[in-house]
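*Asks:* let me see the structure of the following:
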Amino acid sequence: MNTEEQSLSVDLAAIQEAVKAESAWVQLLRQEIGRVIVGQRYLVDRLTVALLANGHILLEGVPGLAKTLSIRTLAQAIKADFQRIQFTPDLLPADIVGTLIYNPKEGDFATKKGPVFANLILADEINRAPAKVQSALLECMQERQVTLGDTTYPLPEPFLILATENPIDQEGTYPLPEAQVDRFMLKLRVDYPSKEEELAILNANESTAPRYEVNPVITPETIFQARKLVDQVYVDEKLKGYIVDIIHATRDPGSYGLNLSNYIQFGASPRATIGLTLAAKAWAFLEGRGFVTPQDVKNIGMDVLRHRVIVSYEAEAEEVSSEDVVTRIFDSVPVP
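*Replies:* Below is the predicted model:
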């Protein structure tokens, strides 16, 4: 073993110890949220990944699957501010970011900040509002600041937007453009609970006023400390090559022996490469590891790529979804 390999193994051991010690709160957080939310481990873990990786989430799911309750409970458990914005066709950008209000007594303008000035935000049914409102929110996501008049205000940290879309009611909606959808680190699909979970949900909520008591288990400061460690989580050069291969296979499947060219209209962007790496590092942190494995990439890969691979009309005609395409890519690209 040469000197470089020795120092790498020492660094890895140090990172592993630090991650193991620092990630102890993950289990506490899961337990606390689990007292209120039955099932939905998939959603809660991905919300935590987005918090650690400093990303945002687009969520597709039918009404009544505890989307609002999940993010509100998470906000209470990490002692953060929560706001819910219900998107409607008559919503204006000022309803989200805020505006300047004229004060006749003083003869000047006072700043009225909008609901976007919170840590965790639920943008409910984002596709119900027109494009200019969607753009206002997506600008907040990207720039993490809001300009009102001549003054620019930074948004609070941590800052996470969970935007939801209802897959069953498409009438009167404004679909998000692909370029804007790409700004979401993860797109999740939430399904119905199992019979056992639904029975547990019923037992917990069979009263006219169910009480959800959540104790804060960590603070936003804990998230900032964890992010510093997530940045240090080790990704081997071979694994970086594997991630790049996955992304390139969405653009040029033929060079990886995949007969998918007719099904893919647009592949994933370089933003997907960065997002997949950061999400895999955050996933490794959740698992209490200081290094990323190929399985971490596979565990979170579908959520990073399902909205970034745009399928062709031919794929739609043959009922081949972006998820089918991504699954075939993960099954075919050789693992290091």
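*Asks:* ranges for the helices of the stretch 201-336 of the chain?
*Replies:* 220-232, 237-251, 270-286, 294-305, 313-317, 322-332 (DSSP state H, counting those that start in this stretch).
*Asks:* check the stretch 51-200 of the chain too.
*Replies:* Counting by DSSP H, counting those that start in this stretch, the stretch 51-200 of the chain has helices at residues 67-77, 93-97, 131-143, 178-181, 195-205.
*Asks:* of all these, which lies closest to residue 314?
*Replies:* Ranking the helices of the stretch 51-200 of the chain by proximity to residue 314 (Cβ to Cβ) places helix 178-181 first, at 17.6 Å. In short, each C-beta sits where N, CA and C put it, glycine included.
*Asks:* give me the contact list for the closest one.
*Replies:* Helix 178-181 is contacted by residues 58, 134-135, 138, 187, 266, 307-308, 310 when judged by Cβ atoms under 8 Å, 6 or more residues apart in numbering.
*Asks:* repeat that with 6 Å
*Replies:* Under the criterion Cβ atoms under 6 Å, 6 or more residues apart in numbering, residues 138, 307, 310 lie in contact with helix 178-181.
*Asks:* can you redo those residues as a markdown table with pLDDT, neighbour count and distance to residue 248?
*Replies:* Shown next, in a markdown table, are these (pLDDT from 0 to 100; neighbours: other Cβ atoms under 10 Å; distance: Cβ to Cβ, whole Å):
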| residue | pLDDT | neighbour count | distance to residue 248 |
| --- | --- | --- | --- |
| 138 | 81 | 23 | 27 |
| 307 | 92 | 20 | 18 |
| 310 | 89 | 17 | 16 |
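*Asks:* show me which of the residues you listed is closest to residue 18.
*Replies:* residue 307 (33.1 Å).
*Asks:* please name the nearest non-neighbouring residue to the closest one.
*Replies:* Spatially, and ignoring its direct neighbours in sequence, residue 307 is nearest to residue 187 (3.8 Å; Cβ to Cβ, 6 or more residues apart in numbering).
*Asks:* is it true that the one you found touches residue 58?
*Replies:* Yes - the pair residue 187 / residue 58 is scored as a contact, 4.5 Å apart, by Cβ atoms under 6 Å.
*Asks:* of the two, who's got more company?
*Replies:* residue 58 (24 against 21; other Cβ atoms under 10 Å).
*Asks:* quick one, what contacts the more buried one?
*Replies:* Contacts of residue 58 (Cβ under 6 Å, 6+ apart): 163, 184, 187.
*Asks:* how does it look with 10 Å?
*Replies:* The contact partners of residue 58, taken as Cβ atoms under 10 Å, 6 or more residues apart in numbering, are 123, 126-127, 161-165, 176, 180-181, 183-188, 303, 306-307.
*Asks:* returning to that earlier point: of all the helices of the stretch 201-336 of the chain, which one comes closest to residue 262?
*Replies:* Ranking the helices of the stretch 201-336 of the chain by their distance to residue 262 (criterion: Cβ to Cβ) puts helix 313-317 first, at 5.2 Å.
*Asks:* neighbours around residue 332, how many?
*Replies:* 14.
*Asks:* residue 250 is in contact with that one, correct?
*Replies:* No - with contact defined as Cβ atoms under 10 Å, residue 332 does not count as touching residue 250 (11.7 Å).
*Asks:* list the residues that contact both of those two?
*Replies:* Taking Cβ under 10 Å, 6+ apart as the contact rule, residue 332 and residue 250 both touch 256, 258, 260.
*Asks:* number of nearby residues for the second one?
*Replies:* Going back to what we said before, that points to residue 258. 19.
*Asks:* could you measure from the closest residue in space to it that isn't next to it in sequence over to residue 57?
*Replies:* Leaving aside its sequence neighbours, residue 258 sits nearest to residue 332 (Cβ to Cβ, 6+ apart; 5.5 Å). Residue 332 is 28 Å from residue 57, where distance means Cβ to Cβ, to the nearest Å.
*Asks:* show me where pLDDT drops low in the stretch 1-150 of the chain?
*Replies:* 1-10 (pLDDT under 70).
*Asks:* all strands of it, in order?
*Replies:* With DSSP state E, counting those that start in this stretch as the criterion, the stretch 1-150 of the chain has strands at 57-60, 82-86, 98-103, 108-113, 120-124, 145-148.
*Asks:* what about those, which gets the closest to residue 336?
*Replies:* Per Cβ to Cβ, nearest to residue 336 of the strands of the stretch 1-150 of the chain: strand 57-60, 28.5 Å.
*Asks:* shared neighbours, residue 187 and residue 58?
*Replies:* Common neighbours of residue 187 and residue 58 are listed as 163, 165, 181, 303, 306-307 (criterion: Cβ under 10 Å, 6+ apart).
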